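Enquirer: fold the stuff below for me.
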Amino acid sequence: MTRVFKVLATIVAWILFVLGIMGIVGAMSAHIAAGEPWQPYGAFALVLAYLVLAVVVMKLRQMLE
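Expert: Sure, this is the predicted structure:
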């Protein structure tokens, strides 16, 4: 495959990974700041999806090599 697809896959994977890490930090800080029982299940599910997609994109990038 062309180099452009590898570069785009790398950029997308990093964006998803950074959004996943920021989501974990944001959900945890919102949970701590709420001070009351707060169910962040939706936020954690979205963050988990970001991290899983980042891994999938990196595996696809490895397959392009």
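Enquirer: does anything pack onto the lengthiest helix in the chain? Which helices or strands?
Expert: The longest helix of the chain (DSSP state H) is helix 3-34. Under the contact criterion of 3 or more Cβ pairs under 8 Å, 6 or more residues apart in numbering; DSSP states H and E, helix 3-34 touches helix 41-64. The C-beta positions use only the backbone N, C-alpha and C, and glycine is treated the same way.
Enquirer: average pLDDT for the helix it packs on, rounded please.
Expert: Helix 41-64 shows a mean pLDDT of 87.
Enquirer: again with stretch 8-24
Expert: The model assigns stretch 8-24 a mean pLDDT of 91.
Enquirer: only the buried residues of that stretch, if you could.
Expert: Ala9, Val12, Ala13, Leu16, Phe17, Leu19, Gly20, Gly23, Ile24 (16 or more other Cβ atoms under 10 Å).
Enquirer: so how far is Val57 from the second one?
Expert: Between Val12 and Val57 the distance, using Cβ to Cβ, to the nearest Å, works out to 5 Å.
Enquirer: for Ala45, give its distance to Trp14.
Expert: From Ala45 to Trp14 the distance is 21 Å (Cβ to Cβ).
Enquirer: swap in Tyr41?
Expert: 26 Å.
Enquirer: ok, now Ile24?
Expert: Note on Ile24: its distance to Trp14, by Cβ to Cβ, is 16 Å.
Enquirer: how about Tyr50?
Expert: 11 Å.
Enquirer: same thing with Lys59?
Expert: In terms of Cβ to Cβ, Lys59 sits 14 Å off from Trp14.
Enquirer: correct me if wrong: Glu65 contacts Ala9.
Expert: No: using Cβ atoms under 8 Å, Glu65 is not in contact with Ala9; the gap is 10.4 Å.
Enquirer: thanks again, I'm all set now.
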